[in-house]
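S.K.: What shape does this take:
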Amino acid sequence: MDEGELTLEKIFAGGTKSFQYEYDLGDSWVHEITLQRQIESEETKPGCTAGACACPPEDCGSVPGNYNLLAALSDPDHEEHESMLEWVGGKYDPNAFDATTVDRALKRLR
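M.R.: Numbers count the residues shown, from 1 in each chain. Predicted coordinates for the structure are as follows:
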């Protein structure tokens, strides 16, 4: 479906509680979006309440590429360690996640 023509209201109408969103059709990052609760209010907008791990870098090659990146970054003796470290800008914490930062980014989109 063309996400440009959908809203969360349309997606969750009729009792749907979750859906999958595929980002980057070439790499096939599939996200499961789940409705936790619905609040009737004109002022209430979707937000981030929780999450885990950092977003993989753009164009890292989907799940296998991300695993390769993580293996290279975690092992200073890995043949691709230096090039991958440079590619991610010198540092990357795969476990970093800050719901407040994500929520602020979502608010800028609203």
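S.K.: surely residue 71 meets residue 81?
M.R.: No: assessed by C-beta atoms under 8 Å, residue 71 is found out of contact with residue 81, at 9.3 Å. Glycine gets a C-beta too; all of them are placed from N, C-alpha and C.
S.K.: At which residues are the helices of the protein located?
M.R.: Under the criterion DSSP state H, helices of the chain are mapped to 8-12, 62-74, 81-87, 99-109.
S.K.: I'd like the ones you listed as a markdown table, with mean neighbour count appended.
M.R.: Below are the helices of the chain laid out as a markdown table (neighbours: other C-beta atoms under 10 Å):
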| stretch | mean neighbour count |
| --- | --- |
| helix 8-12 | 13 |
| helix 62-74 | 15 |
| helix 81-87 | 14 |
| helix 99-109 | 11 |
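S.K.: Can I get the ones you listed in CSV including mean pLDDT and distance to residue 40?
M.R.: Listed next are those as CSV, based on pLDDT from 0 to 100; distance: least, C-beta to C-beta, whole Å:
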stretch, mean pLDDT, distance to residue 40
helix 8-12, 82, 11
helix 62-74, 93, 38
helix 81-87, 95, 46
helix 99-109, 83, 20
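S.K.: possible to save the ones you listed as JSON lines with distance to residue 33?
M.R.: Output for those, formatted as JSON lines (distance: least, C-beta to C-beta, whole Å):
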{"stretch": "helix 8-12", "distance to residue 33": "8"}
{"stretch": "helix 62-74", "distance to residue 33": "18"}
{"stretch": "helix 81-87", "distance to residue 33": "29"}
{"stretch": "helix 99-109", "distance to residue 33": "13"}
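S.K.: Can you tell me which of those helices is nearest to residue 29?
M.R.: Among these, the nearest to residue 29 by C-beta to C-beta is helix 62-74 (6.7 Å).
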